[in-house]
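Participant: Provide a 3D model corresponding to the input given below.
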Amino acid sequence: QVRLVESGGGLVEAGGSLRLSCAASGSVFSINTMGWYRQAPDKQRELVASITRARSTNYADSVKGRFTISRDNAKNTVYLQMNSLEPEDTAVYYCNAQITALSPYRELNLWGQGTLVTVSS
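Facilitator: Here you go, the predicted model:
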């Protein structure tokens, strides 16, 4: 079974930093685009940042200059470094990945279980 496991959420004061990690495990053949989304209370889930296998990145305007997405293809892991955090960044953060899996061969669009980030003012 292929799954995504996230870590790194928590409580931080405004202006602080956190680093999220998301690792894919199981019968992974390759991973294309990986991304981070977030969902705040009473709001829709939104894209925070994404990164292709070639490391081309895309960011939401609200996080540009503060967040950095990166990946380690050898470890099937994507990271989100979050600096200068603001109370408005408070949300559950979800990892997403487009995975080619083996046994059986199939294409998957997977989500992690979510990790809570709380930024206090």
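
Participant: Give me the mean pLDDT for stretch 108-121.
Facilitator: Stretch 108-121 shows a mean pLDDT of 96.

Participant: let me redo that: stretch 11-22
Facilitator: 98.

Participant: Show me where this protein has its strands.
Facilitator: Along the chain, counting by DSSP state E, strands occupy 3-7, 10-13, 18-25, 28-39, 46-51, 57-59, 67-72, 77-82, 91-101, 106-111, 115-120.

Participant: Let me have those strands in a markdown table, extended by mean neighbour count.
Facilitator: C-betas here are computed from N, CA, C, even on glycine. Rendered in a markdown table, the data for the strands of the chain read as follows (neighbours: other Cβ atoms under 10 Å):
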| stretch | mean neighbour count |
| --- | --- |
| strand 3-7 | 17 |
| strand 10-13 | 13 |
| strand 18-25 | 19 |
| strand 28-39 | 19 |
| strand 46-51 | 19 |
| strand 57-59 | 15 |
| strand 67-72 | 18 |
| strand 77-82 | 22 |
| strand 91-101 | 21 |
| strand 106-111 | 14 |
| strand 115-120 | 16 |
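
Participant: quick one: stretch 7-16 to chain centroid distance?
Facilitator: 15 Å (Cα atoms, centre = their mean, to the nearest Å).

Participant: Go through it and list whatever outside residues touch any part of it.
Facilitator: Stretch 7-16 is contacted by residues 18-22, 84-87, 93, 115-121 when judged by Cβ atoms under 8 Å, 6 or more residues apart in numbering.

Participant: Centroid-nearest residue for this protein?
Facilitator: The centroid of the chain falls nearest to Trp36 when counting by Cα atoms, centre = their mean (3.0 Å).

Participant: and that one, what are its bridge partners?
Facilitator: For Trp36, the beta-bridge partners under DSSP bridges are Ala49, Cys95.

Participant: so how far is Val117 from it?
Facilitator: 10 Å (Cβ to Cβ, to the nearest Å).
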